[in-house]
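A.B. asks: Provided below are the primary sequence and the corresponding predicted coordinates.
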Amino acid sequence: MKKRLYFIAARYFSFFARLKLQRWHPRIFVVTGSSGKTTTLHLLEAQFGSLAHFSHHANSAFGIPFDILGLRRRSLKRVEWLNLFLSAPIKCLLPTRSEKIYIAEVDCDRPGEGEFLGQLLRPEALIWLSSTQTHAKNFDHLVGDKYSTVEEAIADEFGNLVSATTGVVIANADNIGIAAQLQRTKARIVEVTDDMIEVFRPSLDRTHFTIESVKCSVPALVPREVGLSVAAIKKLAEYAEQDFDEAFGQFVLPPGRSSVFRGKKDTVLIDSTYNASLDAAEAMIELFAQLKADKKWLVISDILEQGRSEAAIHRRLAEAIGKLKADKIIVMGPRAGKHTAPVLDQLGVDYIAVDGPKQVLDVLRRNIKGGETILFKGTRFLEGVVEKLLANPDDAQLLCRREPVWQKRRKRFGI
């Protein structure tokens, strides 16, 4: 019932959002993909600044209309929906924003979402850099009829945004799923590829790239894949006839994407706890392998919502972990225990398997001696573990999932 009502309710809000968009009439740029969208959105904000409004904390069939109308869920409780429904017509009539550009992050968590948001936004420009198995269980039922694989089904949903774009599509041509969808647009296609990243040099406070002979840097620790975002944003700036800041001086890393904190006992905590897709995990493991640090520890969770691909995804996760030379590896969650651990055993990897975040924290507290650099990758409330290990408790406000509803859920897991 909830799935059937999802788009019915979303259409109510999108009706008023479309009316407000018609009054506002901004240039619309969209960033989409399975992973890396929010970091790319923040990089875009560092470039376009006050020229644009950005859809922070909103990327779904509900979130985007809410953002256009100026609505926001605050308590995440059902009772607030009545107020949202009543407020939408009023918000539609209020004055529009002054910015001339709207830059929106768009996800496709479920079948129909890309088509729905493509029809609402009709973007002038689209950046699409990743397409992989995220929220795969929502697409499993489509395999065997129209699609041969779940990856194909997911890519086709993102492809609806390609079809809706009118000006330019800036796309990762190395991704097979993305490349197959580019024929669906009449817009100009601009390709970016990994070969364009000539230099990738990460450090705890800044990551250096050379993109087509142009030296760029991001003031944060970020994986190599961000180089594709830099390349795409450079192309978009050229298209929009805007200056390009090679240093991304105004960039602020979104919470849980690879933030670096000082921990207790002179540890370094790398917080990548916002999401847990395979691509994101592989990217962070590769980054960690290239980072210069003593006593590297990895804490990694299993990956949710993989449906029929769950076993295969977690075996591939084990293969990625097996390539990392780490002093200690902790894998968390029942899926990791069932599918990842046996492969790690076959690879001869020394690791500790635990059920949940409380057990992770217990292991770390017993074993940390001082000076370790610890990468936390995955969800399942690992941000709560990071919080307990911070040298400065005030840094907790910089972690992800700070709302009261998440704090209550973490407590139920003993963290």
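C.D. replies: Thanks, I have the structure now.
A.B. asks: Helices of the stretch 1-150 of the chain, residue ranges please.
C.D. replies: Secondary structure of the stretch 1-150 of the chain by DSSP state H, counting those that start in this stretch: the helices cover 2-24, 37-48, 63-69, 81-93, 113-121, 150-164.
A.B. asks: For Asp205, find the nearest of these.
C.D. replies: Across the helices of the stretch 1-150 of the chain, Asp205 has its closest neighbour in helix 37-48 (15.8 Å, Cβ to Cβ). Glycine gets a C-beta too; all of them are placed from N, C-alpha and C.
A.B. asks: Convert the closest one to CSV, retaining C-alpha atoms only.
C.D. replies: Extracted in CSV, the C-alpha atoms of helix 37-48 (Å, rounded to 0.1, in the frame of the first residue of the first chain):
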residue,chain,number,x,y,z
LYS,A,37,25.9,13.0,-5.9
THR,A,38,26.0,15.0,-2.6
THR,A,39,29.7,15.6,-2.8
THR,A,40,29.3,16.8,-6.4
LEU,A,41,26.5,19.1,-5.3
HIS,A,42,28.7,20.7,-2.7
LEU,A,43,31.5,21.0,-5.2
LEU,A,44,29.0,22.8,-7.5
GLU,A,45,28.1,25.1,-4.7
ALA,A,46,31.7,26.0,-4.3
GLN,A,47,31.7,27.0,-7.9
PHE,A,48,28.3,28.7,-8.4
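A.B. asks: just how off-centre is that helix within its chain?
C.D. replies: Centroid separation for helix 37-48 versus its chain: 12 Å, with Cα atoms, centre = their mean, to the nearest Å.
A.B. asks: So Leu298, which state does it fall into?
C.D. replies: Following DSSP: H, G, I helix; E, B strand; the rest coil, Leu298 is assigned to strand.
A.B. asks: again with Leu221
C.D. replies: With three-state DSSP as the criterion, Leu221 reads coil.
A.B. asks: How about Gln359?
C.D. replies: With three-state DSSP as the basis, Gln359 sits in helix.
A.B. asks: Quick check: it touching Met332?
C.D. replies: Yes - Gln359 lies in contact with Met332 (Cβ atoms under 8 Å); the separation is 7.3 Å.
A.B. asks: These two - which one has more neighbours?
C.D. replies: Taking neighbours as other Cβ atoms under 10 Å, Gln359 and Met332 compare with Met332 leading, 27 against 18.
A.B. asks: wait, what's in contact with the more buried one?
C.D. replies: Contacts were defined as Cβ atoms under 8 Å, 6 or more residues apart in numbering; by that measure Met332 touches 299-302, 353-357, 359-360, 378, 380, 382.
A.B. asks: With Trp406 instead?
C.D. replies: By Cβ under 8 Å, 6+ apart, Trp406 lies in contact with nothing.
A.B. asks: residue ranges with poor pLDDT in this protein?
C.D. replies: 1-2 (pLDDT under 70).
A.B. asks: residues near Asn83, how many?
C.D. replies: By other Cβ under 10 Å, the burial measure for Asn83, its neighbour count, is 12.
A.B. asks: Kindly report the same for the one 10 residues further on.
C.D. replies: Leu93 has 10 neighbours, counted by other Cβ under 10 Å.
A.B. asks: measure it to Phe13 for me?
C.D. replies: 15 Å (Cβ to Cβ, to the nearest Å).
A.B. asks: Equivalent analysis for Phe376, please.
C.D. replies: Distance of Phe376 to Phe13, computed by Cβ to Cβ: 35 Å.
A.B. asks: now swap in Gln407 and tell me
C.D. replies: Separation of Gln407 from Phe13 (Cβ to Cβ) stands at 28 Å.
A.B. asks: Please say which of these two ends up with more neighbours.
C.D. replies: Shown here are Gln407 and Phe13; by other Cβ under 10 Å, Phe13 has more neighbours (25 against 13).
A.B. asks: Does the more buried one touch Pro65 like I think?
C.D. replies: Yes - using Cβ under 8 Å, Phe13 is in contact with Pro65, at 3.9 Å.
A.B. asks: mind giving me the domain ranges of the chain?
C.D. replies: 2-191, 259-412 (automatic domain parsing).
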